[in-house]
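Sequence first, then the predicted structure, then my questions.
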Amino acid sequence: MKKGLHEQLRQLREERNITLETLALKTRIGTGKLEAYESGVEQPSVQTILRLSNALEVPASNLLDGIKEA
């Protein structure tokens, strides 16, 4: 089963011990907007996904493709 973008985003951020506030500073995206992305309320644009992937130091495909759960 693949995880959605919002689940993948939260998991990657938590694995790296990055707070929403730190991610907001790195990406110049407000914490409220990041919370909306992580909860699945809003979908980020492609440009925003690229900013998030750069800040999390992962390929954008990791966010877009999701991961398979065992």
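Thanks, I have it.

Please count neighbours and contacts with C-alpha atoms only from this point.
OK.

Is residue 51 in contact with residue 27, as I believe?
Yes. Between residue 51 and residue 27 a contact is recorded at 5.9 Å, counting by Cα atoms under 8 Å.

Can you report how many residues neighbour residue 63?
Residue 63 is flanked by 21 other residues according to other Cα atoms under 10 Å.

Just confirm it is within a strand.
No. Applying DSSP: H, G, I helix; E, B strand; the rest coil, one finds residue 63 to be helix, outside a strand.

any idea how far the residue found closest to it once you drop the neighbours it is linked to in the chain is from residue 17?
Setting aside the residues directly before and after it, residue 63 is nearest to residue 5 in space (Cα to Cα, 6 or more residues apart in numbering), at 5.6 Å. Using Cα to Cα, to the nearest Å, we find residue 5 at a distance of 18 Å from residue 17.

can you give me the helices in the chain?
5-15, 20-27, 31-39, 46-56, 60-65 (DSSP state H).

give me the low-pLDDT residue ranges for the protein?
Applying pLDDT under 70 to the chain flags the ranges 1-2, 66-70.
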